[in-house]
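Q: Following is a predicted model, sequence given first.
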Amino acid sequence: MKYTKLDFMMSVVGIIIYIIDLIVDIWVSVSFFHEGQYVFGVLTVSFMLFGTLVVQCFSYSWFNADLKKAGQESQHCFLLLHCLQGGIFTRYWFALKKGYHVAFKNSNEIDNFVEERIDPHKEVIERVTDLSMLRLFETYLEGCPQLVLQLYIFLENGQANFSQCAVIMVSCCAISWSTVDYQVALRKSLPDKNLFHGLCPKLTYLFYKLFTLLSWMLSVVILLFLNVKIALCLLLFLWFLGILWAFKKHTQFCLSISMEFLYRIVVGFILIFTFFNIKGQNTKCPMSCYYIVRVLATLGILIVLWICPLSVFNADYFLPISFIIALTLLLGITFLIVYYGTLHPNRSEETKHDEIDGKPVQIDCRMKYFLMQ
């Protein structure tokens, strides 16, 4: 388990995307308020605050847990940094500082560390995996709702200004990067998980997630045009089902009851947009049911759209949007089948355990409770 120069460069790219995403979100929210579109401005800011507040809570909780594990007391400066929304930047600073030393300084202390001491490579990989998990949380809590909102505004107006186009592009990049980066970091941090080998599995996994997400987001946008109340009720119902599923699986991600409850709420929200294995157990049946329901819901929305054409919807986008939804859904399911059928890292293992996620092992680290796929 080595932290390489490529891993370091991926961490650098991650913080660049994070900063750009933050700047673009602030830019578009200011534009909305300047143009008098206060509802859209408030929604944009609300999505940003929701995502960042939840991420800061988890980050500070993990800092405290790590300090207690090391036999140290909680430091008030970390609490202040997280209150000022600087938790992610603090983690990037520690990860990049240590990661640069490990990846580029070829010293005997790193290559030939004593068994009793902490492996510096393992330490950096765990820090990077923490960051990947937090970025994944923020991406789905803030980036996905943000993308739905911007697509709704674009289709309503029939055009988008430069800031809205920037948000759409950056959100897609952030979702894509955080999803793949999370899987790479997770598999690198867990000894029982096989690594991604080659570019093909990563791209196939990326396209599976991206196409299924895009299809569902466009379907939600269409449903918002049909009836906002029905769309919101559907999303809240799906969120509730996701939370119930997390409680049913008895997740054990956090040390405290309150943080575990928050984690299950976050898991429920993520399950609105995409599927994740929340317990590291057999998921073939739940995943199949999830995407069968997704396909049926998407087809139902398209059928209603064709039966009841929207007067408020720009007719020029009617056929293209329907075609894009159907095509991206088909491509997403196709890439899903290809990935789990032939390219999944654990596919070659002859085991009676979960074909999708592999058998669980006892590992003394936080990553063993992370969302798996």
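A: Right, received. Where do you want to start? Numbers count the residues shown, from 1 in each chain.
Q: now the helices for the chain?
A: Along the chain, counting by DSSP state H, helices occupy 5-34, 38-69, 76-83, 87-104, 108-111, 120-138, 144-157, 162-189, 199-226, 228-248, 257-273, 284-307, 318-338.
Q: Packed most tightly, which of the ones you listed would that be?
A: The highest mean neighbour count among the helices of the chain, using mean count of other C-beta atoms under 10 Å, belongs to helix 120-138: a mean of 23. Where you see a C-beta, it was placed from the backbone N, CA and C, and this is true even at glycine.
Q: low-scoring stretches of this protein, by residue?
A: The model of the chain has pLDDT under 70 over residues 1, 74, 106-118, 160, 192, 279-282, 309-317, 346-373.
Q: H344 is nearest to which of the helices of the chain?
A: With C-beta to C-beta, the closest approach to H344 among those belongs to helix 199-226: 7.4 Å.
Q: about what we covered before: could you dump the helices of the chain into TSV with distance to H344 added?
A: Formatted as TSV, the helices of the chain follow (distance: least, C-beta to C-beta, whole Å):
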stretch	distance to H344
helix 5-34	21
helix 38-69	28
helix 76-83	36
helix 87-104	28
helix 108-111	32
helix 120-138	19
helix 144-157	24
helix 162-189	11
helix 199-226	7
helix 228-248	22
helix 257-273	20
helix 284-307	11
helix 318-338	10
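Q: Pretty sure G87 sits against L79.
A: No - counting by C-beta atoms under 8 Å, G87 does not reach L79; the two are 9.8 Å apart.
Q: joint contacts of the two?
A: Counting by C-beta atoms under 8 Å, 6 or more residues apart in numbering, the contacts common to G87 and L79 are Y60.
Q: For stretch 81-89, which outside residues touch it?
A: With C-beta under 8 Å, 6+ apart, stretch 81-89 has contacts from 18, 52, 55-57, 59-60, 63, 90, 131, 134-135, 138.
Q: end-to-end on that stretch?
A: Criterion C-alpha to C-alpha, to the nearest Å; first-to-last residue distance in stretch 81-89 is 9 Å.
Q: Quick one: distance of it to the chain centre.
A: Centre-to-centre, stretch 81-89 and its host chain are 19 Å apart (C-alpha atoms, centre = their mean, to the nearest Å).
Q: same check, this time on stretch 69-85
A: From the chain centre to the centre of stretch 69-85 is a distance of 25 Å (C-alpha atoms, centre = their mean).
Q: L134 touches Y92, doesn't it?
A: No - using C-beta under 8 Å, L134 is not in contact with Y92, being 10.1 Å away.
Q: if we can go back for a sec, could you dump the contacts of stretch 81-89 into JSON lines and include distance to W177?
A: Formatted as JSON lines, those follow (distance: C-beta to C-beta, whole Å):
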{"residue": "Y18", "distance to W177": "9"}
{"residue": "T52", "distance to W177": "18"}
{"residue": "V55", "distance to W177": "16"}
{"residue": "Q56", "distance to W177": "21"}
{"residue": "C57", "distance to W177": "23"}
{"residue": "S59", "distance to W177": "19"}
{"residue": "Y60", "distance to W177": "24"}
{"residue": "F63", "distance to W177": "24"}
{"residue": "T90", "distance to W177": "21"}
{"residue": "L131", "distance to W177": "12"}
{"residue": "L134", "distance to W177": "14"}
{"residue": "R135", "distance to W177": "8"}
{"residue": "E138", "distance to W177": "12"}
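Q: Of those, which is the nearest to F32?
A: Using C-beta to C-beta, the contacts of stretch 81-89 come closest to F32 at T52, 18.3 Å.
Q: give the contact list for the closest one.
A: T52 makes contact with 85, 138, 142, according to C-beta under 8 Å, 6+ apart.
Q: any idea how far L203 is from the second one?
A: In this structure, E138 lies at 23 Å from L203, with C-beta to C-beta, to the nearest Å as the measure.
Q: Show the contacting residues for C254.
A: Neighbours of C254 in contact, by C-beta under 8 Å, 6+ apart: 61, 260, 262-263.
Q: now Y18
A: Applying C-beta under 8 Å, 6+ apart, the residues contacting Y18 are 88, 92, 135, 174.
Q: now V54
A: V54 sits next to 137-138, 141, 262, 266 when contact means C-beta under 8 Å, 6+ apart.
Q: which of these lies closest to L299?
A: When the contacts of V54 are compared against L299 (criterion: C-beta to C-beta), the nearest one is L141, at 27.6 Å.
Q: any idea how far the closest residue to that closest one other than its chain neighbours is from L136?
A: Distances taken as C-beta to C-beta, 6 or more residues apart in numbering put G51 closest to L141, at 3.9 Å, once the chain neighbours are dropped. Separation of G51 from L136 (C-beta to C-beta) stands at 11 Å.
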